[in-house]
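**Student:** Turn this into a structure:
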Amino acid sequence: MKHPFQSYRQLFPVLSSHIHLGSCSQGAVSRQVSAAIEEYHRSLLQYGHNSELSMARLEEARAHFAKLIGAEPDEIAVLSSVSEAIAGVATALPYVPGKEGTVYADTDFPTVGHIWQAQELFRDHIRCIPSIEGEVTIEQYKEHITEKTALVIASHVNYTNGFQQDLKSIAAIAHQNQALLFVDAYQSAGMIPVDVKAMGIDILVAGARKYMLGIPGVAFLYVSKDRIDRFKPRLTGWLGQEPASRFDIAHPVPAVGTRRFESGLPSFISIFAANAALKLLLEIGVTNIQAYMSELLEFSIEYGRRKGLNIRMPDGKDAVPSLVAVEAADASAVERHLKSQNIIVSARKDVIRVAPHFYNTAEEIRRTMDELARIY
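**Tutor:** Prediction:
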């Protein structure tokens, strides 16, 4: 299989010594990201204060993420984590008697349930869709979303088995019931193209450390400008206010757009890293990345099954997932063994997640699947 991004491999030092297939947990760090981190560090060492540069990088990162998902910069808030973003939305969602229902699936990341069950006004009106062999069907969404539903939460890609959901169809069902669609794109942004306007997504969150090639400490929250006025954040701070009211302790005025969800100063070192990573992704093009990944993941499934591995990946789906889940009785032990062989993967429950990115090759997949087959 031809590797169209061969020239980019030299940008990722880890690839010279390791097979990095853990993008579902932490993407490989590029030289550009490393240089951005050094820029942050160097500016503090040399000047002692770098607030202007840091705020400039924050605005660049905001604009780059907006471009990545087809949004406008004022529709993006820059936060510290996906958990913070979900909590911010949960505490800002207006409570309307008779319209207080929330819907999510048991395949969503546990944080979703943890946060919504902590909301006293909403927790008795949660409808959790039971998955069927790791998948959630459109028919199930039709059954669980009603006129009482205020918000539907959906993972773009399942974090354990790579199942990709049809967001446009889910959005249509939500909107038919005057509900909003909130998408968790942590396992897709940077690898699968997202167009929030075309897909009908009202709210979306993604962190920088996985397929977006950054490091922990920064996440991006999108809220459509057509929906933002209904949200009055209770988790806020001085950066979430209009500039004129930031230093007025008695008369806060929420910022225009999704910026109102911001609070205090973010982790600027993570912002520098995310900005550099997003620039690289936009240079390559997520559509180009997906085209190659479709081939690489198809090869991964075929080769893994040929080696006798049980791959827990939805069949018959046209859309490419972002990972391949290989069944393993003791996944953590397998992860540790592969790490000893300089192969980076990620264990979740009873599967090993093989999560390549554009910098990976078919030969790296072969070597990984061969090692998995050897020990099982």
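**Student:** And the helices in the stretch 51-200 of the chain?
**Tutor:** Per DSSP state H, counting those that start in this stretch, the stretch 51-200 of the chain carries helices over the ranges 51-69, 82-92, 110-117, 138-144, 167-176, 196-199.
**Student:** Tell me where this protein is predicted with low confidence.
**Tutor:** By pLDDT under 70, the weakly predicted segments of the chain are 314-321.
**Student:** Domain-wise, how is it divided?
**Tutor:** 6-29+286-375, 34-282 (automatic domain parsing).
**Student:** ends of the last one, how far apart?
**Tutor:** Meaning domain 34-282. By Cα to Cα, to the nearest Å, the extent of domain 34-282 from end to end equals 18 Å.
**Student:** for the shortest one, same thing?
**Tutor:** Distances were taken as Cα to Cα; on that basis the terminal residues of domain 6-29+286-375 are 30 Å apart.
**Student:** Just say which of the helices of the stretch 51-200 of the chain is most tucked in.
**Tutor:** helix 82-92 (a mean of 21; mean count of other Cβ atoms under 10 Å). C-betas here are computed from N, CA, C, even on glycine.
**Student:** how far off helix 110-117 does it point, in degrees?
**Tutor:** 20 degrees (axes from the mean of the first three to the mean of the last three Cα atoms, to 10 degrees).
**Student:** What values do phi and psi take at the closest residue to Gly98 other than its chain neighbours?
**Tutor:** Distances taken as Cβ to Cβ, 6 or more residues apart in numbering place Lys148 nearest to Gly98, at 6.2 Å, with adjacent residues excluded. Dihedral pair for Lys148: phi -90, psi -10, per degrees, to the nearest 10.
**Student:** isn't Lys148 right up against Glu100?
**Tutor:** Yes. Assessed by Cβ atoms under 8 Å, Lys148 is found in contact with Glu100 at 7.2 Å.
**Student:** Which one's more surrounded, these two?
**Tutor:** With neighbours defined as other Cβ atoms under 10 Å, Lys148 and Glu100 compare such that Glu100 has more, 20 against 17.
**Student:** Wait, the more buried one touches Glu147, no?
**Tutor:** No. With contact defined as Cβ under 8 Å, Glu100 and Glu147 do not form a contacting pair (11.8 Å).
**Student:** quick one, strands of the protein?
**Tutor:** 19-20, 76-79, 101-105, 126-129, 149-155, 180-184, 203-207, 219-223, 324-327, 343-344, 346-348, 351-354 (DSSP state E).
**Student:** ranges for the helices of the stretch 251-376 of the chain?
**Tutor:** Under DSSP H, counting those that start in this stretch, the stretch 251-376 of the chain gives helices at 268-284, 286-306, 331-340, 362-375.
**Student:** Same list, those helices, but as TSV with distance to Leu239 please.
**Tutor:** Below are those laid out as TSV (distance: least, Cβ to Cβ, whole Å):
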stretch	distance to Leu239
helix 268-284	12
helix 286-306	28
helix 331-340	38
helix 362-375	42
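**Student:** Can you tell me which of those helices is most buried?
**Tutor:** Counting by mean count of other Cβ under 10 Å, the most buried of these turns out to be helix 268-284, with a mean of 22.
**Student:** roughly how far out does stretch 112-120 sit from the chain middle?
**Tutor:** Computed by Cα atoms, centre = their mean, to the nearest Å, the chain-centroid distance of stretch 112-120 equals 19 Å.
**Student:** what sits up against it?
**Tutor:** 83, 86-87, 90-91, 102, 104, 122-123, 126, 128, 153, 184 (Cβ atoms under 8 Å, 6 or more residues apart in numbering).
**Student:** can you check stretch 131-139 too?
**Tutor:** 105-107, 129, 140, 158, 160-161, 163, 165-166, 169-170, 173, 312, 314.
**Student:** mind listing what's buried in it?
**Tutor:** Ser131, Gly134, Glu135, Val136 (16 or more other Cβ atoms under 10 Å).
**Student:** which one is the first one nearest to, not counting chain neighbours?
**Tutor:** Nearest residue to Ser131, sequence neighbours excluded (Cβ to Cβ, 6+ apart): Thr107, at 4.6 Å.
**Student:** Identify the residues contacting that neighbour.
**Tutor:** Counted by Cβ under 8 Å, 6+ apart, Thr107 has contacts Ser131, Gly134, Glu135, Val136, Ser155, Asn158, Thr160, Phe163.
**Student:** Please apply the same query to Asp108.
**Tutor:** So Asp108 contacts Ile153, Ala154, Ser155, Asp184 (Cβ under 8 Å, 6+ apart).
**Student:** quick one: which of those is nearest Val253?
**Tutor:** Of all the contacts of Asp108, Val253 sits closest to Ile153, with 29.2 Å by Cβ to Cβ.
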